[in-house]
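Enquirer: Turn this into a model:
(2 chains)
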Amino acid sequence: MNNCYSDNRLILTRRAILWLIIAICLIFTAYNLLVNSKINSSVLSLLPKEQTNNVPTELIDGFQNRLDKQLVWLIKPANNELEPVNWWYQTLKKQSFIGEVNGYFDEQFQKKWGEFAFKYRYQLLDIKTSERLKNHTQLNWIQSQLYSPFSGISATELENDPLLLTRSSQLNQLANSGGLTIQNNRLSGQDNQGNQWYMIYAELSDSSFNMSQSHKITSQLSDLTKQLHEQWPNVEILKRGVLFYSDYASSEAKDDITTIGSLSIIGIVILIISIFRSIRPIILSLLSIFIGLICGLIAVLTLFGEIHIMTLVMSTSVIGITVDYSLHYLTERLLHGNQESPYASLKKLISTLTLALCTSFIAYIILLIAPFPGLKQLSIFAVFGLIGAFLTVICWYPLLVNKLPVREHVGYKLLNRWLNLWQYKQMQWLMVSIAVLFIGYGLINLKVDDDIGKLQALPVQLQQQEQKIISITHQTTDQKWFIVFGDTAEQTLQRLEQFSLKLEKAKLAGYFEQYQSINLPSIQKQQQNIELVKQYSPEILSSLTQMGIKTKLPDLNKKQAIITPEEWLQSELSQGRKLLWLTLQTGQSATLIPISGIKNISEIKKLSEIDKGIYWLDRRDEFNTMFTFYRIHLSQLIAGAVTIICLCFIFYHRKYGLKAALKSTLPTLLSIGIALAMHGITNQTLNLFSMLALILVIGIGIDYSLFLSNDKSQTQSALLAVFMAALTTILSFGLLIISHTVAIKGFGLVLTSGIFTAFLFAPLVINNK
Amino acid sequence: MKKYLTILFSMLLLTFSTISSAITLTDLQQLFSKNQVVRADFVQDRYINGLTAPIHSTGKMIISKELGLWWQQKTPFAMTLKMNQQRMEQRIEGQEPEVITAEKQPQLFQFNQLLTAIFTADKDMLESNFDITVTEQNKYWTVTLQPKLAPLNKIFKQIILNGKSYLEKVTINDMQNDKTELTFANHKTTKLSQNEQLLFR
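Expert: Got it, this is the predicted structure:
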């Protein structure tokens, strides 16, 4: 490769022009892509797509999509007056971004509900009622209703439905209704103090809102809340919805990008100005950063079709690495610009630069292994960003650095003193011992925890509201449920019916407290129910006649209508349960069964029968298992990589003796040690993210040792370049610490400490020369 | 739908036995809490349109301020009901009991709360749910409760309570023009025996 960079100016010029043309094309492409691109800000899309189960992805995505669209409010009016509740309901209905509003069940609705339940009373027979029919106890139950003075049974009801099937089925269903009741025609619940809260829930008209749209929606909603409070100052309102969380996350992320991005650019500019005392290197550095960012952006947008907001935040850290190549070259020119031609400088650095590119490249490529879409995007972004910056340096810099002022002795004293310090054996021992003590202390306190959920710093206020909503409605949001699925709606429903029996048993055994499932029987079940009524009704009717109640059952022999899933969805009966049912265009269907009051998780898990379309879905649990798997996987990978790296160092330095060879591995080993110890010291738990940060610590930190042990360049220029490169990298990774996202913060802390250590101990390598 | 929920009303109203002569609701409220325990026998007749004869049943009941209500129908078949602030259990002989709790089935249980309010003559709660008239004649008082909110007003036209030292009669007029009459007799207010306490378990 080196001979390409002989003093052949023509080749270099051609190369520069070629890269210029490519760069211009890239800029246009990037512009076009950006205009049509979408910035993804959904926190959920950061989660791994990979699945450990065999439930069709479309079904899970379908449910997830729907859940993302749900918004819930609870309103506590003062003195139980209903105007504010009505106002909120009506105002929501007028919003264009709201698809459907619920929570108000007027008399019309209740009447229709009753009519539907009555019309299909035979088909809708519930388990309990059919059990009563089968063991001949339905008559006793009818009697108990008749003898209850407050049952409100009328002659009309007895005449139309002498077996009281409508009443029986609906009562049994109500027994599973959860924490909510209907008061004043509205869905409502009570808190622990006995205050009445009214629930209004809505669905967004679209789930694929981008960041600015969802921000507009949330601010519109908070305006409405303000209006509500202005009109009724004593009204309390609670809200819940994925929208609120993701808007919060993306506005935090936006802040992060602006702060971290601009601070790291400013820092780099200040650093360059103070060292180079010239505008040109700044422009050159910004140029390579810019081209690098363009390349990264194009790669991500082309490969993923979108860029995640978190990728953007993390990508700001790439700035600090892309600038490294510029710095190495510019420093070489700064110190030796008078003695050698720009081409000679390049020639001197090219192999080390390529090696450094390769190590960072490999480190970022390894990130692709992790199943996180966000990290994959970051990895692609960094890889292409680094290549872009690297190419800019080698293609353009030799032609553009001509008038760069030379300052041969910049930082000479300081760096020399620094180098001299490292010459002393005592100093080396002291530093290494301190580091080892530090590592020892940190490692003792190191804890492993794969629960990524703990890394989410959810806004306290939203979380408090959510907790309160859970305590009132008894509806948790932990998304633990069974999914029952099948190739057709009928298959799914039949599987559900089979499974319900097992669930009932599990509930009786005390494994959990409640479950909720849809109230739609399969066609098969509906027909069986009709047969059941046909078979058992004559004996009940004759007993009723004996009691002096004259009744007669409508002719069951004529063909009875069957409720289809579509009819059920359109009927009032499915109100509040629609969300649990999903049919894809292929006919594939699924239903969710939320389980609450879990007491014995291992027994519940055992109920899964994936080949029968039943699966216990606990995403958080699945993620944790996955994270553990990858953490172990990556730590093995890191151990392997570190061994190879150390062997290479030892091999490379073998001519200076075993002791020196071993010493050359210290910067890498210590940087890993300190990065790990940082976890224990700052009370962070070791998880998958730590592993990812470690990979970067190794990949980037190793550069410093590489540059310092480059025989071709002089130690002083290498040290200055390494000093600046480390400073810019630490600056941009260090700035991640100010991020609002805990995971990114931790990531930044581990990286900064590791890379700082790698830089600090890098002189251990030079001494060998 | 909600009209069916009123099943629960049945037993609850009976918790009225501690009423003594009083004219205002506030007076009643105070007198309601006078006795720790009240026992009584009851006779119930339900007149449902279209039925040839009224539905007749008898039994006894105990109300304890501490333990709640125990109600047992003896004829024509045995049926027991226990109820307190959190839980209701109904058992027909030879069958699994039906249990409803305030926490898990609030929709079914909300009548319980309302009726407990009647039992304790919780003035605020009653006044927000019923229009109330209290009259007295020869120390014999009558309380007329007229439901003003859904779902109660869909089911009951009027609930009338009569009594002197205790609640003696409850008349429930349904919207469907059906009628239920409950008559209480043999009131006793001695302390609960150990056996009786076990009944509430």
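Enquirer: buried set for stretch A:649-666?
Expert: A:649, A:650, A:652, A:653, A:660, A:661, A:663, A:664, A:665, A:666 (16 or more other Cβ atoms under 10 Å in any protein chain shown). (C-beta placed from N, C-alpha, C; glycine too.)
Enquirer: Please flag which of the residues you listed sit within helices.
Expert: A:649, A:650, A:652, A:660, A:661, A:663, A:666 (DSSP state H).
Enquirer: what about the chain, any weak spots by pLDDT?
Expert: Picking chain A for this. Counting by pLDDT under 70, the low-confidence segments of chain A come to A:1-8, A:38-53, A:149-152, A:174-179, A:207-211, A:452-457, A:711-714, A:767-769.
Enquirer: nope, chain B please
Expert: B:1-23, B:31-33, B:104-122, B:150-151.
Enquirer: list the contacts for residue A:486?
Expert: A:492, A:493, A:494, A:495, A:588, A:589, A:590, A:613 (Cβ atoms under 8 Å, 6 or more residues apart in numbering or on different chains).
Enquirer: Closest to residue A:243 out of the ones in helices among the buried residues of stretch A:649-666?
Expert: Nearest to residue A:243 among those: residue A:666, at 50.8 Å, using Cβ to Cβ.
Enquirer: For the host helix or strand of residue A:266, buried residues please.
Expert: Residue A:266 belongs to helix A:242-276 when elements are defined using DSSP states H and E. Of the residues in helix A:242-276, A:242-254, A:256-257, A:259-261, A:263-265, A:267-268, A:271-272, A:275-276 count as buried by neighbour count, 16+ other Cβ under 10 Å.
Enquirer: From the contact counts, what lies against the helix or strand that it is followed by?
Expert: Moving toward the C-terminus from helix A:242-276, the next helix or strand (DSSP H and E) is helix A:280-304. Applying 3 or more Cβ pairs under 8 Å, 6 or more residues apart in numbering or on different chains; DSSP states H and E, we find helix A:280-304 packed against helix A:9-35, helix A:242-276, strand A:306-308, helix A:309-315, helix A:318-336, helix A:373-400.
Enquirer: Format these as a markdown table; extra columns: distance to chain B.
Expert: Below are the helices and strands packed on helix A:280-304 laid out as a markdown table (distance: least, Cβ to the nearest Cβ, whole Å):
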| stretch | distance to chain B |
| --- | --- |
| helix A:9-35 | 53 |
| helix A:242-276 | 27 |
| strand A:306-308 | 42 |
| helix A:309-315 | 40 |
| helix A:318-336 | 54 |
| helix A:373-400 | 40 |
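Enquirer: With respect to residue B:182, which of the ones you listed lies nearest?
Expert: Of all those, helix A:242-276 comes closest under Cβ to Cβ, at 52.6 Å.
Enquirer: For that closest one, name the packing helices and strands.
Expert: helix A:57-68, helix A:211-231, helix A:280-304, helix A:309-315, helix A:318-336, helix A:460-473, helix A:715-734.
Enquirer: Does the spatially most distant residue from the centre of chain B belong to a helix, a strand or coil?
Expert: Outermost residue of chain B with respect to the C-alpha centroid, by Cα atoms, centre = their mean, is residue B:52; its distance is 26.2 Å. Recorded secondary structure, residue B:52: coil (DSSP: H, G, I helix; E, B strand; the rest coil).
Enquirer: Now it: closest residue in space, sequence neighbours ignored.
Expert: Distances taken as Cβ to Cβ, 6 or more residues apart in numbering or on different chains place residue A:548 nearest to residue B:52, at 4.2 Å, with adjacent residues excluded.
Enquirer: With residue A:183 instead?
Expert: residue A:196 (6.6 Å).
Enquirer: Can you get me a residue count around residue A:161?
Expert: Residues lying near residue A:161 (other Cβ atoms under 10 Å in any protein chain shown) number 18.
Enquirer: With adjacent residues omitted, what lies nearest to it?
Expert: With Cβ to Cβ, 6+ apart, the residue lying closest to residue A:161 is residue A:121, at 6.2 Å.
Enquirer: what about the one you found, distance to residue A:405?
Expert: Counting by Cβ to Cβ, to the nearest Å, the separation of residue A:121 from residue A:405 is 93 Å.
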